[in-house]
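[1] Quick one: sequence plus predicted model below, questions after.
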Amino acid sequence: MSEVHNPISLSLFDYPFRQRNWSRFRIIVCLYFIACVGWFAIRTAHWKQVNDPAQLHYLCFLMDHGMAPYRDLLEINMPGIYLVNWSVMHLLGGGSAAWRAFDFALMGTAAWAMIAIAWPYEWLAGVFGATLFILFHGRDGAGQTGQRDFIIAALLLCAYAFLFESVRSRRIWLMFAFGLSAGIAGTIKPTPLPFALLLLVLAAIRFRQEGESVRKALLYALAGFLTPIAIVGAFLISKHALGPFWYLLRVELPFYETLGRVPVSTLLRLMATSSTRTLAIITLAIAVMKRDWWNWEGKLLVLGILFGVASYFGQGKAFTYHRYPMLAFLFLFAGLQIIPALRAQRRVRLLAIAGAIFVVILAPLYVREASRKVWDPKFADSLTTDLSHLGGQRLSGHVQCLYTPADCDTVLYRMRLMQSTGLFYDYLIFGSPQQRVIHDLRGRFWPQFQSNTPEVLVVGSGLFPSDRGYAKLDSWPLFERELAANYHLYDDRSFPPAEAGRKAYRIYVKNNMLPPPTGTKLHTVLSMRSLTMNQ
């Protein structure tokens with residue numbers, strides 16, 4: 001990369017391509033990338049909404065039916081993602097097709113931002129980075145569509161695009177769009193907030209160097225930044241949820257941050273795939289050899305990569321989607337190094353050719369992996385059948401999931417069944433009562449449970465982050481006694497390992513609803529459990 005106001009000199013472009021050949025080359029490569037993205041879109045358009053986004057849709061469904069966030073709904077997400085999912089549900093629809101369209105819109109937004117950032121240098125670099133980002137997202141499978149960190153990555157790319165264009169064109173009002181994009185990202189997860197403020201400080205320094213009004217730039221940026229925060233504040237006030245939200249920030253989120261953290265060695269191993277490591281090495285080698293990219297924009301793009309790395313390690317759980325901010329900036333930076341270097345001299349050009357060929361081969365491989373990755377529907381199909389047999393729509397308001405993964409809530413959302421309580425994650429009530437969160441949330445869950453006792457309980461196997469099977473029930477004797485005294489085991493199902501790991505669930509039914517299935521293994525198991533507890 002070179003300075004925006006002084007693009008890479010034409011003398012470098014004279015070798016080895018003539019201008020006409022270079023234009024043809026860019027068009028051919030661009031069409032190839034568009035074909036790969038198009039083929040990916042066709043092969044994955046049918047993906048159903050699953051995993052965390054489906055769970056968040058169910059949360060919004062409960063909100064639409066009178067449950068207040070943080071006050072009635074017991075879970076740990078930030079309010080910005082509520083508003084994102086709620087907006088998609090009410091503007092595009094609540095089904096899988098609408099969410100797939102939203103995911104494609106996010107991809108398109110990220111692509112636009114990358115091309116806008118790369119335009120003064122080489123627009124094909126933006127297409128290069130966008131193609132990699134889209135197809136890598138696709139290879140992660142249906143479970144990662146519309147994930148929070150993917151939304152954040154797209155928003156931060158937009159923030160960069162608006163910031164760079166504001167400096168390039170001296171249109172200070174674009175700083176409002178920069179602040180708006182960064183502010184929305186900060187309402188989805190708190191991790192982008194300090195990074196956005198750092199970018200604002202660096203932007204102010206740049207405007208001062210350019211002789212522009214720093215005060216005007218800051219006012220525009222802060223107005224944009226505070227707009228989504230004000231909307232979130234108004235939303236919480238309207239739901240009378242400011243107090244419970246403050247409790248979430250002070251107590252629940254710090255507790256959640258301690259759960260499921262993996263060793264640094266595991267984080268390093270899972271941070272990048274072999275293909276992204278290879279691309280990063282090639283990119284770094286070209287950047288070191290060329291040394292024409294270390295301008296203000298180049299430094300900020302590297303800072304974006306470092307933010308992505310810090311965000312990934314800060315969250316500490318090695319979830320697939322936690323890599324997206326890092327990968328977004330890495331792929332864009334790779335494009336800005338490799339594509340212009342195709343017209344450089346000697347060793348740099350050969351290395352760039354190797355990198356370009358690597359990506360040309362990699363793109364269809366990502367498409368193939370995406371088309372082969374299928375979210376296993378066995379859990380959802382089985383639970384849907386069980387709940388249908390137990391009453392279907394009659395269960396609305398009388399069924400409760402006790403499970404952290406999204407599968408159970410996904411089924412309730414598809415069947416449009418209200419839960420008896422607002423509990424979403426069972427690690428908030430099962431575990432050591434010495435933990436303040438568990439003690440407090442039990443105190444909020446139990447009155448909800450008693451005032452609207454469910455007829456059907458779906459208890460998932462395991463307790464995040466460890467797989468303790470159903471031993472988690474032992475950690476809360478009061479609830480275990482309730483289960484033994486007033487419920488019987490209706491069914492016990494387990495499924496082979498799939499994309500989301502090994503899963504299982506048990507269904508408990510209230511004694512006055514259906515008689516226990518006597519003479520079965522399940523009845524024997526329950527009887528022995530009840531006898532042990534009574535003793």
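    Thanks, I have it.

[2] Beyond the strand of greatest length in the chain, next helix or strand please.
    With secondary structure taken from DSSP state E, the chain has its longest strand at strand 487-498. The first helix or strand that comes after strand 487-498 along the chain, using DSSP states H and E, is strand 501-510.

[3] what does that next one rub up against?
    Residues outside strand 501-510 that contact it (C-beta atoms under 8 Å, 6 or more residues apart in numbering) are 379, 383, 386, 390, 403, 405, 407-408, 453-462, 467, 470, 483, 486-496. No exception for glycine: its C-beta is placed from N, CA and C like everyone else's.

[4] how about the helices in the stretch 201-350 of the chain?
    214-238, 242-247, 253-258, 264-271, 274-290, 296-315, 324-341, 346-372 (DSSP state H, counting those that start in this stretch).

[5] Show me which of those has the highest average neighbour count.
    When the helices of the stretch 201-350 of the chain are scored by mean count of other C-beta atoms under 10 Å, the highest mean neighbour count falls to helix 324-341 (a mean of 27).

[6] Just the mean pLDDT for it, thanks.
    Summarised as a single mean, pLDDT over helix 324-341 is 97.

[7] For that helix, enumerate the helices and strands it packs against.
    helix 96-118, helix 123-139, helix 148-169, helix 274-290, helix 296-315, helix 346-372 (3 or more C-beta pairs under 8 Å, 6 or more residues apart in numbering; DSSP states H and E).

[8] Quick check: which of those is nearest to Arg250?
    Within the helices and strands packed on helix 324-341, the stretch nearest Arg250 is helix 296-315; the backing value is 18.3 Å (C-beta to C-beta).

[9] tell me the angle that closest one makes with helix 324-341.
    When axes from the mean of the first three to the mean of the last three C-alpha atoms, to 10 degrees is applied, the directions of helix 296-315 and helix 324-341 differ by 150 degrees.

[10] What residues of the longest strand of the chain count as buried?
    Neighbour-count burial for strand 487-498 flags Tyr487, His488, Leu489, Tyr490, Asp491, Asp492, Phe495 (criterion: 16 or more other C-beta atoms under 10 Å).

[11] and stretch 493-501, average pLDDT?
    Averaging pLDDT residue by residue across stretch 493-501 gives 83.

[12] Centre of the chain to that stretch, how far?
    For stretch 493-501, the gap between its own C-alpha mean and the chain's C-alpha mean amounts to 22 Å (C-alpha atoms, centre = their mean, to the nearest Å).

[13] Just to check, Leu202 is in contact with Leu300?
    Yes: using C-beta atoms under 8 Å, Leu202 is in contact with Leu300, at 6.8 Å.

[14] rewinding a little: run me through the strand neighbours of the longest strand of the chain, direction for each.
    Paired neighbours of strand 487-498 in the sheet (DSSP bridges): strand 501-510 (antiparallel).

[15] What residues does Gln400 make contact with?
    Counting by C-beta under 8 Å, 6+ apart, Gln400 touches Gln419, Ser420, Thr421, Leu423, Phe449, Pro454, Val456, Leu457, Val458.

[16] can you do 6 Å?
    When contacts are counted by C-beta atoms under 6 Å, 6 or more residues apart in numbering, Gln400 is found next to Gln419, Ser420, Thr421, Pro454, Leu457.

[17] Sitting in helices, which of those do you find?
    Taking DSSP state H as the definition of helices, the contacts of Gln400 contribute nothing to them.

[18] can you list those in a markdown table and add pLDDT?
    As requested, these are arranged in a markdown table below (pLDDT from 0 to 100):
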| residue | pLDDT |
| --- | --- |
| Gln419 | 97 |
| Ser420 | 97 |
| Thr421 | 97 |
| Pro454 | 97 |
| Leu457 | 98 |
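
[19] Please flag which of those sit within strands.
    Among the contacts of Gln400, the ones falling in strands (DSSP E) are Leu457.

[20] Just among the contacts of Gln400, which is most surrounded?
    Counting neighbours by other C-beta atoms under 10 Å, Gln419 comes out on top of the contacts of Gln400 with 27 neighbours.

[21] check contacts around it.
    Residues counted as contacts of Gln419 (C-beta under 6 Å, 6+ apart) are Gln400.

[22] for it, which residues make a bridge with it?
    Here Gln419 sits in beta bridges with Val399, as judged by DSSP bridges.

[23] just Asp492 next, same as before
    Legend: beta-bridge partners of Asp492 under DSSP bridges are Arg506.

[24] Output the contacts of Gln400 in a markdown table; the columns should cover distance to Asp440.
    Supplementary listing: the contacts of Gln400 in a markdown table, determined by distance: C-beta to C-beta, whole Å:
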| residue | distance to Asp440 |
| --- | --- |
| Gln419 | 20 |
| Ser420 | 20 |
| Thr421 | 15 |
| Pro454 | 22 |
| Leu457 | 22 |
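
[25] Out of the contacts of Gln400, which comes closest to Ala125?
    Taking C-beta to C-beta as the measure, Ala125 sits nearest to Gln419 out of those, at 48.3 Å.

[26] so where's this protein shaky on pLDDT?
    1-19, 514-535 (pLDDT under 70).

[27] rerun at 90
    For the chain, residues meeting the criterion pLDDT under 90 lie at 1-23, 210, 212, 290-294, 343-347, 373-374, 465-469, 496-502, 512-535.

[28] just to revisit the earlier point, let me have the helices of the stretch 201-350 of the chain in JSON lines, extended by distance to Asp64.
    Shown next, in JSON lines, are these (distance: least, C-beta to C-beta, whole Å):
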{"stretch": "helix 214-238", "distance to Asp64": "14"}
{"stretch": "helix 242-247", "distance to Asp64": "19"}
{"stretch": "helix 253-258", "distance to Asp64": "25"}
{"stretch": "helix 264-271", "distance to Asp64": "37"}
{"stretch": "helix 274-290", "distance to Asp64": "40"}
{"stretch": "helix 296-315", "distance to Asp64": "30"}
{"stretch": "helix 324-341", "distance to Asp64": "29"}
{"stretch": "helix 346-372", "distance to Asp64": "32"}
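
[29] Out of those, which gets nearest to Tyr427?
    helix 253-258 (8.4 Å).

[30] Now do that closest one: everything it contacts.
    Contact with helix 253-258 is made by Ile76, Val437, as judged by C-beta under 6 Å, 6+ apart.

[31] ok, 8 Å please
    When contacts are taken as C-beta under 8 Å, 6+ apart, the neighbours of helix 253-258 outside the stretch itself are Ile76, Pro190, Gln315, Gly316, Gln435, Arg436, Val437.

[32] if I look at the residue nearest to Thr266 when sequence neighbours are not counted, how far off is Leu463?
    Spatially, and ignoring its direct neighbours in sequence, Thr266 is nearest to Ala318 (5.8 Å; C-beta to C-beta, 6 or more residues apart in numbering). Distance of Ala318 to Leu463, computed by C-beta to C-beta, to the nearest Å: 19 Å.

[33] ok, these two, which is more surrounded?
    The residue with more neighbours, out of Ala318 and Leu463, is Leu463; 23 against 19, by other C-beta under 10 Å.

[34] If you tally nearby residues, what's the number for Cys36?
    Cys36: 21 neighbours (other C-beta under 10 Å).

[35] Show me what the helix or strand containing it is packed up against.
    In this assignment (DSSP H and E), Cys36 forms part of helix 19-44. The contact analysis (3+ C-beta pairs under 8 Å, 6+ apart) places helix 19-44 against helix 96-118, helix 123-139, helix 346-372.

[36] which residues does Leu226 contact?
    Residues near Leu226 by C-beta under 8 Å, 6+ apart: Gly179, Gly183.

[37] if we go to 10 Å?
    Gly179, Leu180, Gly183, Gly233 (C-beta atoms under 10 Å, 6 or more residues apart in numbering).

[38] Give me the buried entries from those residues.
    Buried residues within these, counting neighbours by 16+ other C-beta under 10 Å: Gly179, Leu180, Gly183.

[39] What are the phi and psi values at Thr404?
    Dihedral angles of Thr404 (phi, psi; degrees, to the nearest 10) stand at phi -90, psi -50.

[40] what residues are up against it?
    For Thr404, the residues meeting the contact criterion (C-beta under 10 Å, 6+ apart) are 55, 75, 259, 424-428, 430, 460, 462-465.
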